[in-house]
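**Q** Here you go, sequence then predicted model.
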Amino acid sequence: MPGTDPFALFAEWMALAEAEEINDPDAMALATATPDGRPSVRMVLMRRHGPEGFGFFTNLESRKGQEIAANPHGALCIHWKSLRKQVRAEGPLVQVSDADADAYFQSRSRNSRIGAWASDQSRPLDRRETFLDRIAETKARFGEEGEVGRPPHWSGFRLVPDRIEFWEDGEFRLHHRRLFVRQADGSWNEGLLYP
């Protein structure tokens, strides 16, 4: 079906998921890899979607942040079990602007912002009490009403897809798979895949 906008199709599916999916319709599995191709995957929350890509935010010093710095390519998978639909995308990962990161950081709850300062995300923790002590220290540092700005080690990325696949469950595993591949001029070529 030439001419289909995959981002418009994604927005349509996302709206359906937001209306019908019980938990976290914006949860997606994000895969990154080391420069020598050793992969890792985790669930993150998608905070942006549109022609600029699929956005999420993170600690730049976390494992994923370090892997992205060394190998800025990724893949994501969003599966809406109740809808029996799935979207996969692959492409380069581009860091968001400071203004975008600041705006999203300020939209988070105060406790989440405190946590971003207190956590050495993905690094070894000797015991839970150490982290709770750091949270208490960070709360004391900012005070009850103090502004909690974005830490320098915290930002976000957009996965700018060059491939997007839309998958719909079919009876007897005769699924419907639509693949969009970005062309050199930025347009999309759509085709089908065998299930």
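**A** Nice, thanks for sending it over.
**Q** how much space between Ala19 and Glu12?
**A** Noted for Ala19: a distance of 11 Å to Glu12, by CB to CB, to the nearest Å. Where C-beta positions appear, they are placed from N, C-alpha and C, glycine not excepted.
**Q** Repeat that for Phe131.
**A** In terms of CB to CB, Phe131 sits 41 Å off from Glu12.
**Q** quick one, which of the two is more surrounded?
**A** Phe131 (15 against 11; other CB atoms under 10 Å).
**Q** separation between that one and Val94?
**A** Counting by CB to CB, the gap from Phe131 to Val94 is 31 Å.
**Q** And for Thr130?
**A** For Thr130 relative to Val94 (CB to CB), the value is 34 Å.
**Q** can you confirm Met7 is in a helix?
**A** Small correction: residue 7 is Phe, not Met. Yes. Remark: Phe7 belongs to a helix, assigned using DSSP: H, G, I helix; E, B strand; the rest coil.
**Q** dump the residue contacts of it.
**A** 49-51 (CB atoms under 8 Å, 6 or more residues apart in numbering).
**Q** From the residues you listed, which land in strands?
**A** 49-50 (DSSP state E).
**Q** picking up where we left off before, could you check which of Thr130 and Val94 has the larger neighbour count?
**A** With neighbours defined as other CB under 10 Å, Thr130 and Val94 compare such that Val94 has more, 16 against 10.
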